[in-house]
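Participant: please work out how this folds:
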Amino acid sequence: MRDKLGLKELVAIGIGSMIGGGIFSVMGVADEIAGHATVLVFVIGGIIALFAGYNYAKLALAYKVDGASYIYLKYAFPKTLAIAAITGWSVIVGYIGTLALYAYTFGSYGAAMLGYADNYLVRSLLAFGILTLFLWINLLGIKEMGESEDVIVFFKVAIMMTMGIIGLFYLNPSHFQPLFDKSFSGVLLSAALVFVAFEGFQLITNSVAETENPDRNTPLSIYLSITIVTLIYVVLAIAVIGILTPQEIKAAKEYAIAEALKPILGEWGFVLASIAAMLATSSAINGTLFGASRMMADIAKDGIFPSILSYKNAKTIPSHALLSMYVLATLFVLYGSLDSIIAFSSMTFLLVSLAVAIANAKLYRQTNSSLIIILLSIALMSITVSLMIYYLFENEPKTLFDIAMIYGLIIISFTFYYILQRKHLKR
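Facilitator: The predicted structure follows:
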């Protein structure tokens, strides 16, 4: 095993983390809102991710330590620990949301492949099973986790590229006419909703201390991985929109990509896409449990989470953090609303990326950043967040209420925990 991570390894981490369950889950949701212009949704989503990646890259190089967004906000606002702390809590809850999304998608594809597409029990059992499997693998050790991740990522990328290329030969041009059959604001809104499909590039910055020539490789790997993933998403979106009708996409929803291959390869096409989705979600669950549990343990060292979560066993595995994330993700899956999971996770990572951009604006001299690019990223993410809130308010008030409730609980829980911590310290 190499002591330092090179450019290829970092790009692999970024691609492997981003291509998770998000793309399979959000394709149907995006088409419902953006229509024929769904392809543009992923282009805009990629642009938003690139702007967000710029801020992460600059801050990572200035402060070569793990902890990512929590650490950056801690440095930017040293006198206001609550900002970094609440962000840390929100990021962890966001990761729990994405874990639930990945498990939900795994269960949806698995149930559909077995002939139980609308069966809540089968979907939930499969989701619970995959979370349990990767909890066990992560508890075994870093070597076991890494080896399983390498194999899964290789096969999922190969299958997805094959699916996209095959689909390009069976397009119906009329499916793209007119391009804007729905409002352009719907395209921007969808870009905000699908941002969860780009979540994962942040993990590259968590490896900055172990990176070979980080000044070159960290930013380059972020931009390359986001660009490559955007191209893959665009090819898949073209294939889905070009093959299926809007009615078919709406009916298929979270397994729209699998349905797109059915007319070409029959049932085997559906099975192939289902396997790709299940591999993608598996590797994403594996990687997210690995990275997020360590982030939770690191934050717990500062007393932001209960100190018990900072515990690491003899193999340096944060077993308590792993178990807590597993339990919470399982409960989130049982909640059962895909729209709420996507909306909450996208909102969280957009808001956190916005907070990181603001932190970079405050520290732009130390990070040697372009203030113009930072301000553009702040404006872009602010607009997408605003559009997302407006859409949810007008069309899905219950989902918006659910998101507000989760954020409210985070703030109340942190405040309560902080007060208890201060009382304990005074004693």
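
Participant: where's the nearest residue to S225 once chain neighbours are set aside relative to A284, distance?
Facilitator: Using C-beta to C-beta, 6 or more residues apart in numbering and skipping residues adjacent in sequence, the residue nearest S225 is G14, 2.8 Å away. Quick note: C-beta positions are derived from backbone N, CA and C, even for glycine. Relative to A284, G14 is positioned 12 Å away (criterion: C-beta to C-beta, to the nearest Å).

Participant: more neighbours, those two?
Facilitator: Counting neighbours by other C-beta atoms under 10 Å for G14 and for A284 shows that A284 has the greater number, 31 against 26.

Participant: once you drop chain neighbours, what's closest to that one?
Facilitator: Nearest residue to A284, sequence neighbours excluded (C-beta to C-beta, 6+ apart): G20, at 2.6 Å.

Participant: with G269 instead?
Facilitator: L261 (3.0 Å).

Participant: secondary structure class for V65?
Facilitator: Three-state secondary structure (criterion: DSSP: H, G, I helix; E, B strand; the rest coil) places V65 in coil.

Participant: quick check: it touching I71?
Facilitator: Yes - with contact defined as C-beta atoms under 8 Å, V65 counts as touching I71 (5.8 Å).

Participant: between these two, which has more neighbouring residues?
Facilitator: Set V65 next to I71 and count neighbours by other C-beta under 10 Å: I71 wins out with 23 against 14.

Participant: which neighbours do G14 and A284 share?
Facilitator: Residues touching both G14 and A284 by C-beta atoms under 8 Å, 6 or more residues apart in numbering: G200.

Participant: surely A314 is in a helix?
Facilitator: No - the assignment for A314 is coil, going by three-state DSSP, so no helix is present there.

Participant: switch to numbering from 108
Facilitator: In the new count, where the first residue is 108, that last one comes out as A421.

Participant: returning to that earlier point: for the residue nearest to S332, what are its contacts?
Facilitator: Contacts here follow C-beta under 8 Å, 6+ apart; on that basis G121 touches G307, F308, L310, I311, S328, I329, L331, S332, I333, V336.

Participant: save the residues you listed as a markdown table, and put in secondary structure, pLDDT and neighbour count too.
Facilitator: Converted to a markdown table, those look like this (DSSP: H, G, I helix; E, B strand; the rest coil; pLDDT from 0 to 100; neighbours: other C-beta atoms under 10 Å):
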| residue | secondary structure | pLDDT | neighbour count |
| --- | --- | --- | --- |
| G307 | coil | 83 | 27 |
| F308 | coil | 88 | 25 |
| L310 | helix | 78 | 22 |
| I311 | helix | 82 | 28 |
| S328 | helix | 91 | 29 |
| I329 | helix | 94 | 25 |
| L331 | helix | 93 | 17 |
| S332 | helix | 90 | 27 |
| I333 | helix | 94 | 27 |
| V336 | helix | 91 | 26 |
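
Participant: closest to I479 out of the residues you listed?
Facilitator: Taking C-beta to C-beta as the measure, I479 sits nearest to I329 out of the contacts of G121, at 19.0 Å.

Participant: ok, that closest one - contacts?
Facilitator: By C-beta under 8 Å, 6+ apart, the contact list for I329 reads G121, G160, Y163, A164, F308, I311, T312.

Participant: could you redo the last one with a cut-off of 6 Å?
Facilitator: Counting by C-beta atoms under 6 Å, 6 or more residues apart in numbering, I329 makes contact with G160, A164, F308, I311.

Participant: got those as CSV, with distance to I350 columns?
Facilitator: Conversion of the contacts of I329 to CSV gives the following (distance: C-beta to C-beta, whole Å):
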residue, distance to I350
G160, 31
A164, 37
F308, 29
I311, 33
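
Participant: max pairwise distance over these: which two?
Facilitator: Among those, the pair separated by the greatest distance (C-beta to C-beta) is A164 and F308, at 9.4 Å.

Participant: follow-up on the earlier one: doesn't the residue nearest to S332 belong to a strand?
Facilitator: No - the assignment for G121 by three-state DSSP gives helix, which leaves it out of any strand.

Participant: from T334, how far out is D138?
Facilitator: Here the distance between D138 and T334 works out to 23 Å (C-beta to C-beta).

Participant: who's more crowded, these two?
Facilitator: The neighbour count for D138 versus T334, taken as other C-beta under 10 Å, is higher for D138 (26 against 15).

Participant: per-residue confidence at that one?
Facilitator: Reading off the per-residue confidence, D138 sits at a pLDDT of 80.

Participant: same check, this time on G174
Facilitator: In this model, G174 is scored at 66, pLDDT.

Participant: again with Y524
Facilitator: Looking at Y524, its pLDDT is 80.

Participant: cool, thanks, talk later.
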